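S.K.: The sequence isn't on hand, but the structure is:
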Ligand SMILES: [Zn+2]
């Protein structure tokens, strides 16, 4: 029990909770988290009037654990995507961009490992209004951790299941990921099964319990993160089948669309061709350039 508690403490530190001086091993390099506190932004960033339209907002404020590598990888991915598709792009950690006038300039918003209580209540409402009115949202990895509980609508409606932890020994594990909904536009080009090396998130429940539609899950029996300490893993186990451990899911809040992926702790995820294709197809789906009638929405399934 002691080792379990120690592991959970380290895990939560790496996920973005209390993090003073906590070391999080990754790829042989120690990452030391800084103490974080809730700081709201009040002055919106200057966004050039020359920004190409339509445009993507990539938001990576962290009032919790900061995934420097994963944030850099996703920033690069979306800069390249915007270039390839002729979109404008604005990346920021300034949450004051969440006001009606500025949000109206963006077609897609990406939460790039946003952690902690990053938005003020007014900024949270501006985002909810924007998304429910038909906005397109992509959430990555830490954006679905358990540091968003203060924002009930986001936690319950957009993310759904509550993050409970991730393995640390070893931190990264290669497992089979399986497509759960091959008919969905986001998974149409994905293989039925592929391998992915990742810091795998565990959750307390499943997205279907929140009216969200799972698109991919992992084979838990493929990995044994605690080695001989396997009894502790039982505290996290979600189930032996990919349907019991989803890692990618979508929703349709109001007139909007949402896509969440627990993948992407490291920048290396964005070098994986299968994952790049899924993100590209997710972009098309949340934008309604594919599936304009919403056949891929949970309510239509
Ligand atoms: Zn992570």
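M.R.: That came in fine, so what should we check first? Here the structure is a predicted model, which means the values were calculated and not measured.
S.K.: Briefly note if the helix or strand encompassing residue 69 comes near the ion.
M.R.: In the assignment (DSSP states H and E), residue 69 maps to helix 68-85. No - Helix 68-85 stays clear of the ion (CB under 5 Å from the ion), getting no nearer than 6.4 Å. Using the backbone N, CA and C atoms, a C-beta is placed for each residue, glycine as well.
S.K.: Which strands and helices lie in contact with the next helix or strand after that helix?
M.R.: The first helix or strand that comes after helix 68-85 along the chain, using DSSP H and E, is strand 88-92. If you count contacts as 3 or more CB pairs under 8 Å, 6 or more residues apart in numbering; DSSP states H and E, strand 88-92 packs onto strand 55-59, helix 68-85.
S.K.: May I see the buried residues of the last one?
M.R.: What it means is helix 68-85. 69, 70, 71, 72, 73, 74, 75, 77, 78, 81, 82 (16 or more other CB atoms under 10 Å).
S.K.: Pipe those into JSON lines and attach pLDDT per row.
M.R.: Output for the buried residues of helix 68-85, formatted as JSON lines (pLDDT from 0 to 100):
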{"residue": "69", "pLDDT": "96"}
{"residue": "70", "pLDDT": "96"}
{"residue": "71", "pLDDT": "97"}
{"residue": "72", "pLDDT": "97"}
{"residue": "73", "pLDDT": "98"}
{"residue": "74", "pLDDT": "98"}
{"residue": "75", "pLDDT": "98"}
{"residue": "77", "pLDDT": "98"}
{"residue": "78", "pLDDT": "98"}
{"residue": "81", "pLDDT": "97"}
{"residue": "82", "pLDDT": "97"}
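S.K.: Regarding residue 221, what are the backbone dihedral angles?
M.R.: phi -60, psi -10 (degrees, to the nearest 10).
S.K.: For it, which residues are in contact?
M.R.: residue 240 (CB atoms under 8 Å, 6 or more residues apart in numbering).
S.K.: which bits of the chain sit near the ion?
M.R.: 199, 265.
S.K.: Next, count neighbours for the closest residue to the ion within the chain.
M.R.: Closest approach between the chain and the ion, counting by CB to the ion: residue 265, at 3.4 Å. Counted by other CB atoms under 10 Å, the residues lying close to residue 265 total 25.
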